[in-house]
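A.B. asks: No letters, just coordinates:
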Ligand code: NAP
């Protein structure tokens, strides 16, 4: 498997050409490292922004912060960027740095096994190719495998049915009777769009979520001129956005006044937007704010009050060839079912098979739930690095900030391997354990550990997805690798 750019055997393989993969690739090139290949299962860059094309798809993080620090874009059209604009931004970055020529599209990594003797990873792809690389980096993220609920009878349904991350654009929703399962961040973005065109829309709402105002708006021509022409204006604005969001981390510690303030804002938003008390009762949560992701929307609650929309606050019992039947006995005939049911977030790299030193599968190392040192390295899996790995997700700030921290840390490790001609480096189990004990202790104080079901935690209740603190702390801890935490093995 040669890197298309170099036509040589690559020394680094990156899995995924999403935000993380592109960010690492660009930074490798900026550091003068060109012998890498990116394996991408789809036919375009952008990852989540390439896959989630549902109507209304947008980001909850302001555009000037949801972008790479070294590639500011003064031309963002609005405060909260929409899917098409984000995808175009990342395509532009990939074009600018000639990343496309490094990508093998339509190729999945099926299996990676570490060979201690050579200090290399043996890769096997979906095309059956096998190759050896020195470094393996995952840019798969946490939200790339759609979760479909196991509802009895679903397979017998004769209408259209699809997941929000696999939107069927060929299905015309106009005038149709549509059921939506779920009310997470994805569903609340497409529900208002579906409600505008569907004949009848039934929303199956299992657990209520807190929702706060979004206050999205287009940037004025003057603001865009400022960002483009006044030196430092865009950067100053980005910093202001960063610190505005960063302080919100306080709200995710249980019992803080800031948490109570957010709750008041959410309660007020609900009262203002939903007049019907019965509907409000279905939509109002009773767990700690922030335990599940806080929703940010101005048009979701009003959409639920439209005459063609019904909200059912009970669990689905089963599905027949043309109906959805609830546990409370409600039966609704539908033409289509749309699943906004989220992702298999705690399984991280699956179904990829990753086998570390001594033939140990990653699934075995992660039996008690995924964990890593700084979310990046796993003991016993040398020269293997993750971006947006375990315990690096956020509820309050831009994930791109975290990804840039990880990329810089990984580059530090790659440079160490190359400059010191190491066979491999492997994080020490005790360093990884010490780090994770600290993370889990901090999480115990947080709202994520409160009683609720969320994609942040495993079935046993271990929070494997979220970073425990402020992003500034994560930056500090990842600003350069501490090689005392690693076993450095020299090459022969
Ligand atoms: P999600 O937050 O996991 O929500 C899934 C929804 O489906 C929940 O309401 C869940 O109910 C429901 N559900 C799952 N199985 C069900 C079943 N068997 N019966 C009834 N309901 C069921 O997934 P998501 O909305 O795709 O969002 C995932 C993450 O993607 C977000 O947290 C965010 O990080 C990212 N995202 C971001 C944006 C943005 O920036 N605006 C947009 C979309 C996604 P329960 O709560 O009862 O489990």
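C.D. replies: That came through, no problem. Model, not experiment: these values are computed from the prediction.

A.B. asks: The stretch 301-450 of the chain: strands as residue ranges?
C.D. replies: For the stretch 301-450 of the chain, strands defined by DSSP state E, counting those that start in this stretch occupy the ranges 309-312, 316-319, 323-326, 331-333, 336-339, 353-355, 384-386, 422-427.

A.B. asks: Export those strands as a markdown table, with columns for distance to residue 107, mean pLDDT and mean neighbour count.
C.D. replies: Yep, even glycine has a C-beta here, placed from its N, CA and C like the rest. Below are these laid out as a markdown table (distance: least, C-beta to C-beta, whole Å; pLDDT from 0 to 100; neighbours: other C-beta atoms under 10 Å):
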| stretch | distance to residue 107 | mean pLDDT | mean neighbour count |
| --- | --- | --- | --- |
| strand 309-312 | 42 | 97 | 19 |
| strand 316-319 | 35 | 97 | 18 |
| strand 323-326 | 38 | 96 | 18 |
| strand 331-333 | 42 | 97 | 13 |
| strand 336-339 | 27 | 98 | 24 |
| strand 353-355 | 16 | 98 | 20 |
| strand 384-386 | 19 | 98 | 26 |
| strand 422-427 | 25 | 97 | 22 |
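
A.B. asks: nearest to residue 91, of these?
C.D. replies: strand 384-386 (23.9 Å; C-beta to C-beta).

A.B. asks: Show residues contacting the closest one.
C.D. replies: Residues outside strand 384-386 that contact it (C-beta atoms under 8 Å, 6 or more residues apart in numbering) are 112, 114, 121, 135-138, 348-349, 354, 356, 372, 375-378, 406, 410, 413.

A.B. asks: repeat that for 7 Å
C.D. replies: With C-beta atoms under 7 Å, 6 or more residues apart in numbering as the test, strand 384-386 has contacts from 136, 137, 138, 372, 375, 376, 377, 378, 410, 413.

A.B. asks: any idea how far residue 38 is from residue 28?
C.D. replies: 10 Å (C-beta to C-beta, to the nearest Å).

A.B. asks: between these two, which one's more packed in?
C.D. replies: residue 38 (30 against 24; other C-beta atoms under 10 Å).

A.B. asks: Now a PyMOL select for only the buried ones of the contacts of strand 384-386.
C.D. replies: The buried subset of the contacts of strand 384-386, as determined by 16 or more other C-beta atoms under 10 Å, is captured in PyMOL by this line:
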select buried, resi 136+137+138+372+375+376+377+378+410+413
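
A.B. asks: In TSV, list the contacts of strand 384-386 along with pLDDT and distance to the ligand.
C.D. replies: Output for the contacts of strand 384-386, formatted as TSV (pLDDT from 0 to 100; distance: C-beta to the nearest ligand atom, whole Å):
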residue	pLDDT	distance to the ligand
136	98	25
137	98	22
138	98	18
372	98	19
375	98	16
376	98	20
377	98	24
378	98	23
410	98	22
413	98	27
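
A.B. asks: closest to residue 181 among the contacts of strand 384-386?
C.D. replies: After measuring the contacts of strand 384-386 against residue 181 - C-beta to C-beta - the closest member comes out as residue 138, at 29.7 Å.

A.B. asks: For that closest one, what are phi and psi?
C.D. replies: Torsion angles at residue 138 (phi, psi; degrees, to the nearest 10) stand at phi -100, psi 130.
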